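# Sequence plus the predicted model coming up.
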Amino acid sequence: MGDIRPQSRDEFRVAILCALPPEAEAVLDLFDCFWDDDCDAYGKAANDPNDYRTGRIGQDHVVLCITGVGKARAATATSFLLSSYTRVQRAFVVGICGGVPRPNRHDAGAEILLGDVIISSAVVQFDLGRRYHGGYFEIRTSTQDRLGNADPSLAAQLRSLHTIHNKDRLEECAARFLSELQEKRPGQYDYPGTAQDRLYPSNYHHRHRGTEPCGCTDERPCAAATMVPCPDVGCEETMIVTPRQQPAQKRQLEGARKTLGTQAQAPAVHIGSIASGDTVMKSAEVRDQIAEAHGVIGFEMEAAGVWDLPQLACVVVKGVCDYADSHKNKTWQSFASAAAASVMKGMLRHRVRTDERPPLSTIDGETKRSSDFRGKTGKVSSLAYLPLHQQNPEHHASCKTWSTKTKLP
Ligand SMILES: [Zn+2]
Ligand SMILES: [Zn+2]
């Protein structure tokens, strides 16, 4: 594919959806080149209000859209995207999420740390269900395994990541992309370190702990407390959950020489169900209940709006920036965005590409429209598999000229 610019929107198969600009920033920083640096080249369908960036990541032409927060916005933006980019088959929902820490799990790789990345195998909509008298809420079990609908190769790639060899390969690749990002934007995606990875017991809530009345109760922090990190309200160091196996191992790497220090930040990849809904999860107790009942390992807010679109295979790739509890703050958001973008790029890099074929409907349609065209279907099919310069040398030359102007990081 090299740097040959796509001729139309029809050549884009991959969409990247981010809720917020900082999440998109990390993805854009990992584009290998842009197709719209000088000006927009592809337009969009009538009535489509989205804004897009187009470019190439690895072997794939990708279109990126910032959807806004929440499943309704994500669903609306994605529907419009599909009206413009009608042949997109795979959507990555990339950004940040809350993780389920699982500190008592001692099986290898089960513990989830801040800065790790979750890849969804299924989505549970945790705000869809029945509310009973007394406040009990029953989530409608809606694990929707739709990965095979538009892009069976995505489901196959996720299955392959259940082998240690393939997951290690993805993690190593993502760690390299993460280091590249950090070199490109010094200070923007720094690793906060395990000292900032504070996990408190589920029943220990974030609140002011002084004697001054401020409105904090054990059920709910006051507005001021929600705005500041744990040390500033008095959440005690002694209450932090210990020992956790993985942070201890990372701490050893952090204290070691530089190359090992870089290894400390390498994000671990976890594959599992992710809970999605319009509520920001800030209760460790509710988090734990949902995690136990539905086997989810993370919480986010957009996937439920995209997962259900039948013509699209969707995968959520989100960096863990907090533990979906009352202590959550923004310390890890930039790093987690960068980690997620790096894993997504690794997934694109490692996917086995399918041979491109022209849609059969086009060939059949042409055959029906023109009697002169009858019998030439074979010619059209063979043309479609020729390298571009043999199909149309003039156009190929102009593309090459154009592509020399594109920015290559
Ligand atoms: Zn307070
Ligand atoms: Zn706290």
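Ah, there it is. Ligands and ions are numbered 1, 2, ... in the order given.
# can we go C-alpha only for contacts and neighbour counts from here?
Noted.
# ok, now how distant is the closest residue to residue 189 other than its chain neighbours from residue 239?
Counting by Cα to Cα, 6 or more residues apart in numbering, residue 189 lies nearest to residue 335, which is 4.7 Å off, once chain neighbours are set aside. The gap separating residue 335 from residue 239 is 25 Å, by Cα to Cα, to the nearest Å.
# now swap in residue 152 and tell me
Distance, residue 152 to residue 239, using Cα to Cα: 46 Å.
# same question, residue 220
Using Cα to Cα, which is the criterion applied here, residue 220 is 19 Å from residue 239.
# who has more neighbours, those two?
Between residue 220 and residue 239, counted using other Cα atoms under 10 Å, the more crowded position is residue 220 (15 against 12).
# how does this structure divide into domains?
As recorded under automatic domain parsing, the domains making up the chain are 9-195+268-350, 197-254, 366-404.
# possible to save those as CSV with mean pLDDT?
As requested, these are arranged in CSV below (pLDDT from 0 to 100):
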stretch, mean pLDDT
domain 9-195+268-350, 89
domain 197-254, 85
domain 366-404, 39
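# Looking at these, which one is packed in the most?
By mean neighbour count, with neighbours taken as mean count of other Cα atoms under 10 Å, domain 9-195+268-350 ranks first of these at a mean of 20.
# For the stretch 151-300 of the chain, what lies in contact range of ligand 1?
Taking Cα under 5 Å from the ion as the criterion, the stretch 151-300 of the chain approaches ligand 1 at residues 208, 214, 216, 222.
# let's see 8 Å
Contacts of the stretch 151-300 of the chain with ligand 1, taken as Cα under 8 Å from the ion, map to 207-209, 213-217, 221-225, 233.
# So which of these reach ligand 2?
Taking Cα under 8 Å from the ion, the overlap between those and the neighbourhood of ligand 2 is 207, 233.
# biggest separation within the residues of the stretch 151-300 of the chain next to ligand 1, which pair?
Pairwise distances across those peak at 14.2 Å for 209 and 223 (criterion: Cα to Cα).
# thinking residue 329 is in contact with residue 231, fair?
No. Taking Cα atoms under 8 Å as the definition, residue 329 is not a contact partner of residue 231, at 11.5 Å.
# Please enumerate residues in contact with the helix or strand residue 285 falls within?
Per DSSP states H and E: residue 285 is located in helix 284-294. The contact list for helix 284-294 (Cα atoms under 8 Å, 6 or more residues apart in numbering) reads 100, 124, 126, 141, 202-203, 281, 296-297, 323-326.
# let's see 7 Å
With contacts defined as Cα atoms under 7 Å, 6 or more residues apart in numbering, helix 284-294 is touched by 202-203, 297, 324-325.
# Does ligand 2 have contacts with that helix?
No. With Cα under 8 Å from the ion as the criterion, ligand 2 is not reached by helix 284-294; the gap is at least 11.7 Å.
# and the angle from whatever helix or strand comes next after that helix to helix 284-294?
Sequence order places strand 296-300 as the next helix or strand after helix 284-294, per DSSP H and E. Angle, strand 296-300 to helix 284-294, by axes from the mean of the first three to the mean of the last three Cα atoms, to 10 degrees: 130 degrees.
# Off-centre distance for the helix holding residue 285?
Mean-position distance between helix 284-294 and its chain equals 22 Å (Cα atoms, centre = their mean, to the nearest Å).
# now stretch 288-306
The offset between the C-alpha centroid of stretch 288-306 and the centroid of the whole chain comes to 15 Å, using Cα atoms, centre = their mean.
# Could I have the CA atoms of it written out in CSV?
As requested, the backbone C-alpha atoms of stretch 288-306 are provided in CSV (Å, rounded to 0.1, in the frame of the first residue of the first chain):
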residue,chain,number,x,y,z
ASP,A,288,-17.7,-5.1,42.4
GLN,A,289,-21.3,-6.3,42.3
ILE,A,290,-21.6,-5.8,38.5
ALA,A,291,-18.1,-7.3,37.9
GLU,A,292,-19.0,-10.4,39.9
ALA,A,293,-22.5,-10.8,38.4
HIS,A,294,-21.5,-10.2,34.7
GLY,A,295,-17.8,-11.0,34.7
VAL,A,296,-16.8,-7.5,33.4
ILE,A,297,-13.3,-6.2,33.8
GLY,A,298,-13.8,-2.5,32.9
PHE,A,299,-16.4,0.3,32.7
GLU,A,300,-16.8,2.8,29.9
MET,A,301,-19.5,5.0,28.3
GLU,A,302,-19.5,4.7,24.5
ALA,A,303,-19.3,1.0,23.4
ALA,A,304,-23.0,0.2,24.0
GLY,A,305,-23.9,2.8,21.3
VAL,A,306,-21.6,1.3,18.7
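# before we move on, the earlier item: kindly reformat the residues of the stretch 151-300 of the chain next to ligand 1 as a markdown table containing distance to residue 244 and secondary structure.
Written out in a markdown table, the entries for these read as follows (distance: Cα to Cα, whole Å; DSSP: H, G, I helix; E, B strand; the rest coil):
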| residue | distance to residue 244 | secondary structure |
| --- | --- | --- |
| 207 | 24 | coil |
| 208 | 26 | coil |
| 209 | 25 | coil |
| 213 | 34 | coil |
| 214 | 33 | coil |
| 215 | 33 | coil |
| 216 | 29 | coil |
| 217 | 29 | coil |
| 221 | 27 | coil |
| 222 | 30 | coil |
| 223 | 31 | helix |
| 224 | 30 | helix |
| 225 | 27 | helix |
| 233 | 24 | helix |
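# now do the same end-to-end measure for stretch 184-191.
Counting by Cα to Cα, the length from the leading to the trailing residue of stretch 184-191 is 14 Å.
# I'm done for today, thanks for sticking with me.
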